[in-house]
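In: Let's see this in three dimensions:
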Amino acid sequence: MCLTVYIATPREIETSSFIENETYFYCEKENNIEKLKDRFSHKNIYFCGSYTGCSCGFNFNIDDEEDEDDKNENDWGKQSLNEMFLFFRNHINELNEIEMFICWEGDEYLEPETTKTIKLSDFEFGRAFSFNQLEFVRIVK
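Out: Below is the predicted model:
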């Protein structure tokens, strides 16, 4: 089972595809919006994926590196997050806000347990970052 990151926007945005060993971030139109339409106020719903091909790679923790594999996963996870937030920064002026819902695959019908707002102009990654499951995030300028 994988973590899933969905976003919704007031207007359609560009999409991209996953290419193994090349892609750190991609955003594709979600085909099954019925399961998500109650989570968002915007109707344009997308799935966001990381270097893993799913959303599980959107995390890193520099302090938990025990070996070279951990370092590589942290580097790839941070690169995936950097590219995701660059994508958001490139679109936020035209969209004003982006809504995000994070859950495990199959839990799309569950209500968010936490809600937060990320202000892109002030946002920076620290030594660690991860999304929480069943979290609703409003991303603003």
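
In: Which stretches in this structure count as strands?
Out: 3-9, 25-29, 44-50, 59-61, 97-104, 114-119, 128-130, 135-140 (DSSP state E).

In: which parts of stretch 33-48 are buried?
Out: Using 16 or more other C-beta atoms under 10 Å as the test for burial, stretch 33-48 gives 33, 36, 39-40, 44-48. C-beta coordinates here come from the backbone N, C-alpha and C atoms, glycine included.

In: still on that earlier bit, Throw the strands of the chain into TSV and include mean pLDDT and distance to Asp70, thanks.
Out: Converted to TSV, those look like this (pLDDT from 0 to 100; distance: least, C-beta to C-beta, whole Å):
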stretch	mean pLDDT	distance to Asp70
strand 3-9	97	18
strand 25-29	98	21
strand 44-50	97	16
strand 59-61	86	9
strand 97-104	97	23
strand 114-119	94	26
strand 128-130	82	12
strand 135-140	96	24
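
In: I'd like these laid out as TSV, including distance to Ser17.
Out: TSV is the format used below for these (distance: least, C-beta to C-beta, whole Å):
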stretch	distance to Ser17
strand 3-9	16
strand 25-29	6
strand 44-50	9
strand 59-61	22
strand 97-104	20
strand 114-119	26
strand 128-130	25
strand 135-140	22
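
In: mind checking which of the ones you listed is nearest Ile19?
Out: Closest to Ile19 of the strands of the chain, according to C-beta to C-beta: strand 25-29, at 8.2 Å.
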